[in-house]
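Visitor: no sequence on this one, just coordinates:
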């Protein structure tokens, strides 16, 4: 199995939808400084959320070997609070970008804006987090080497 197949094994096809939608949206908003800035902020928050989730999972896995009781509980609460704040920022920035883009670009903007899943799923916290992971994975795999 090559590296690309290994990385994309979990996402199979979903990352293409996220990347295609992202690329389409970038073409639409390219001349609007405000939209580009909002999209950059959205990507930054997606990266922050993704990194926070990975950090939380890794630290908790290792902490179980060296911490117990109250210390483990405190660490878990701190990491979970950080993850929740990053998730809230991601969701907020997604809504801000979409609201602006749909208002400014109307029918040129795909239904759902940059969010490539079912537009109704934008209210689902898990779907938004998964979408961010799919987009970031696709951007990583398709980068120029």
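Guide: That came through, no problem. All of these numbers come straight from a predicted model, not from anything done at the bench.
Visitor: Please enumerate the strands of the chain.
Guide: Here the chain has no strands by DSSP state E.
Visitor: All the helices of it, in order from the start?
Guide: 3-8, 14-29, 33-66, 69-105, 125-141 (DSSP state H).
Visitor: The longest one vs helix 125-141, what angle?
Guide: Going back to what we said before, that points to helix 69-105. Helix 69-105 and helix 125-141 meet at an angle of 80 degrees, taking axes from the mean of the first three to the mean of the last three Cα atoms, to 10 degrees as the criterion.
Visitor: mean confidence score for helix 69-105?
Guide: The predicted model gives helix 69-105 an average pLDDT of 95.
Visitor: Flag every buried residue along it.
Guide: For helix 69-105, the neighbour count (16 or more other Cβ atoms under 10 Å) marks 75-76, 79, 83, 86-87, 89-91, 93-95, 97-98, 100-102, 105 as buried. C-beta: built from backbone N, CA, C; applies to glycine.
Visitor: Tell me, how many residues neighbour residue 108?
Guide: For residue 108, the neighbour count with other Cβ atoms under 10 Å is 13.
Visitor: contacting residues for the closest residue to it other than its chain neighbours?
Guide: Nearest in space to residue 108, with sequence neighbours left out and distances taken as Cβ to Cβ, 6 or more residues apart in numbering, is residue 28 at 5.1 Å. The contact partners of residue 28, by Cβ atoms under 8 Å, 6 or more residues apart in numbering, come to 101, 105, 108, 109.
Visitor: quick one: which two of those are the most distant?
Guide: 101 and 108 (9.1 Å; Cβ to Cβ).
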